[in-house]
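Q: return atomic coordinates for the entry below.
(2 chains)
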Amino acid sequence: MTTHRTDTEEKLLSAILNVIIPPSEKMPGAGSPAILEECQRMADGHERFGEAVSVILLALGDEFPEASTVQQTEALRELEITRPDQFELFVEVAYLAYYSDSDVHRHIGWRTGALQPLGWELPPFREDVLDTVKQREPFWRDAD
Amino acid sequence: MTKKQSETDIIVVGSGASGAAVTWSLARAGFRVICIEQGPWVDPSAFPVAHDDWQYQMRTEWAYHPNVRRLPADYPVNDDASAIKLQMYNAVGGSTIHWTGHVPRFHPSDFRVKTLDGVAEDWPISYWDLERYYDLNDEMMGCSGLAGDPANPPRSPRQMPPIPIGPDGEHIGRAFDELGWHWWPSDVHVNSTDYKGRKACNLCGPLGNGCSRGAKASTDITYLPDAIKAGAQVWDNTTVFKIATGPDGRATGVEYFDPEGELGFLSARAVVVGCNGIGTPRMLLHSASDSHPDGLANRSGQVGKNLMFHVYAGASGLFENLDEPTYKGPLACIIMSQEFYETDESRGFKRGYTFQMGRGIGPAPTAISNVPWGEDHHDEFAARFGKNLGLGVIGDDLPEEHNRVTLDTSRPDRFGIPAPRVVYRLGDNSRKLLAHGVQSARKVMKAAGASRIMESAFSENTGWHLMGTARMGDDPATSVVNQWGQAHDTDNLFIVDGSLFVTAGGVNPTPTIQAVALRVADYIAHERGDLK
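A: Purely as a prediction, here's the structure:
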């Protein structure tokens, strides 16, 4: 199910996300359009996330986007205390959306896309790394 | 699914670690076996790792907690009063779909804790009774590892060499060496080479949410295909809700809901239950009848009691100069240490724990588990991503009667069957054990040169290992089943999952669950010809 948000709600959600993960010189904020859209998609796709986003939006007034960064942070800190479960879920879906973004992946050096079929490569196991511990006598207890 | 007959020799309820093993063994022995599973067959291409949004899927429809997933096959659980939250999966293959494949064995001392340490109860069987079944299970599942570990009894050569432990695994191994502490590459049911038609692992990382390559063993791709070839049937999407009994108290079959939600009854000469340490007591308690008024096989009053998880804690560290980022390689099948596994009274607690090394698995899980929101987010993420290594403490968990599973009629599943209600409090011995473990893990991180060390005094979302709620024993007054998994009260009812554990050990339980299940199946095959 797709949730249709008003422009005011979208503006509020974007502002909250930009406090959760602010834009920096190199990195986009979580409230940037593509990540906002992904966050909304994820919230629509999972009831718990959807509820959390709705609860947090409802708890913060429409004036939130115009408040100072300090005031915004204080408001979220308060919500973190008063609505801990919903706030934790909100942060989770924000992080999921942010770190699913290919532009963010490029900045942090992560290969975007599915983990399979590429996987990763590591050097094969070398048994000589066990030379020290192999010197040890067996120390398990025989109980019978 | 084929469902043409209404009777069979053996019904196996559950197709996970234990149920699948029993199904395979009994089918090969010539029994007519029907394995009934509430979940579906899973298409490996559906696993998260094969999809771009794998991080999201891991936290939603592939999450570990059934109340988060809320899939049709999931029954709700009430773990509000449990310090440890449940983690399980319901599908053909059960929770082996979701495990990480880490397969250390119990130690001989785990079966004799009362004799050796004066706590809990001894098992009615020994390590040596299970040894050949551990070996058989390794053959079926495929074990990558290395024999010769001084912390464990000698064992047969593993089927495959160890999974690459990586520069990070070697680095932590050297720290253990520096401290003079034991470590060893983990035995894992994950292929390091191609094995029995399944590919070698290509080290993608989060193998706990299903492996689309089939490199990680799960019973839907190991035991069950061979079981079906031997004549067994697997009825998927079919929910058994009651084991029926006759006037004589013996099991007569099972009542179930079929995939269309229609009621059915399948009669059998015997019923084998492998629904895990939560689902099995739920089933037994819900199967109360005139001949079993307090729940099936519950004359002792022990069904549902003595629930054990493993207690988890740990320490992690940040490492700046490793040759590879720490998200390369399997999440947790790397190295382990059993330096503190056996009881040492000077530590102030009984029994012990295993260290299991862990890695990070990607950007979103890294952020969710550790990184604060707000203005410091980017700096903190950069400090941790690809640089974080952890040592988990997996602690033995002594059985306590107040830790238990009962029925909660206020939270029924989609068929109206009560949810399991779980009550679990952390014991005093466990607290002391974890405190020791965290401080020891910190020492390893320090020896490894971590630039920053973070402690986790207790981990809540770790209820993967579900044990003890229908324990085995020689005395019908204090146990539910005998050494053959046979209910004391009902000679044609067998339990084969972690429910029958007497103690928990300090290691992942799945290979022991499977070894016990194979031993039970051997008993039925050789001693219970009347069930054929």
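Q: now do the buried residues in stretch A:36-44.
A: Using 16 or more other Cβ atoms under 10 Å in any protein chain shown as the test for burial, stretch A:36-44 gives A:36, A:38, A:39, A:40, A:41, A:42, A:43. Any C-beta I mention is one placed from the backbone N, CA and C, and that applies to glycine too.
Q: ok, residue B:194 touching residue B:200?
A: Yes: the pair residue B:194 / residue B:200 is scored as a contact, 5.4 Å apart, by Cβ atoms under 8 Å.
Q: out of the two, which sits in the more crowded spot?
A: residue B:200 (17 against 12; other Cβ atoms under 10 Å in any protein chain shown).
Q: what distance do you get for that one to chain A?
A: In this view, residue B:200 and chain A are 10 Å apart by Cβ to the nearest Cβ, to the nearest Å.
Q: assumed that residue was part of a strand.
A: No: per DSSP: H, G, I helix; E, B strand; the rest coil, residue B:200 lies outside any strand segment and is coil.
Q: so who does it touch?
A: By Cβ atoms under 8 Å, 6 or more residues apart in numbering or on different chains, residue B:200 lies in contact with B:191, B:192, B:193, B:194, B:215.
Q: now do it, the pLDDT please.
A: You'll see residue B:200 listed with a pLDDT of 97.
Q: again with the one 10 residues further on
A: As predicted, residue B:210 sits at a pLDDT of 93.
Q: cool, and residue A:122?
A: 95.
Q: cool, and residue B:1?
A: 48.
Q: three-state assignment of residue B:494?
A: Put simply, residue B:494 is strand when judged by three-state DSSP.
Q: for PyMOL, what selects the buried ones among the contacts of residue B:200?
A: Only the buried entries of the contacts of residue B:200 go into this PyMOL selection, using 16+ other Cβ under 10 Å:
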select buried, chain B and resi 191+192+215
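Q: separation between the residue nearest to residue B:421 when sequence neighbours are not counted and residue B:89?
A: Distance criterion Cβ to Cβ, 6 or more residues apart in numbering or on different chains; nearest residue to residue B:421, sequence neighbours excluded, is residue B:408 at 3.8 Å. Remark: distance between residue B:408 and residue B:89 (Cβ to Cβ, to the nearest Å) = 21 Å.
Q: and if you look at residue B:150?
A: Distance, residue B:150 to residue B:89, by Cβ to Cβ: 35 Å.
Q: what's the model's confidence in the longest strand belonging to chain B, averaged?
A: If you go by DSSP state E, chain B has its longest strand at strand B:263-273. The pLDDT scores in strand B:263-273 average 97.
Q: quick one, longest helix in chain B?
A: As assigned by DSSP state H, the longest helix anywhere in chain B is helix B:428-447.
Q: can you point out the buried residues in the helix or strand just after that helix?
A: Per DSSP states H and E, the first helix or strand lying C-terminal to helix B:428-447 is strand B:452-456. Of the residues in strand B:452-456, B:453, B:454, B:456 count as buried by neighbour count, 16+ other Cβ under 10 Å.
Q: pLDDT on strand B:452-456, on average?
A: Strand B:452-456 comes out at a mean pLDDT of 97.
Q: tell me how far that strand lies from the chain's centre.
A: The chain centroid and the centroid of strand B:452-456 are separated by 27 Å, computed with Cα atoms, centre = their mean, to the nearest Å.
Q: and stretch B:491-504, by the same measure?
A: Counting by Cα atoms, centre = their mean, stretch B:491-504 comes out at 14 Å from the chain centroid.
Q: give the buried residues for it.
A: B:491-504.
Q: try stretch B:370-386
A: B:370, B:371, B:373, B:374, B:377, B:378, B:381, B:383, B:384, B:385, B:386.
Q: same for chain A: which of those residues are within range?
A: Within the set of the buried residues of stretch B:370-386, contact with chain A (Cβ under 8 Å from any Cβ of the partner chain) is found for B:371, B:373, B:374, B:377, B:378, B:381, B:385, B:386.
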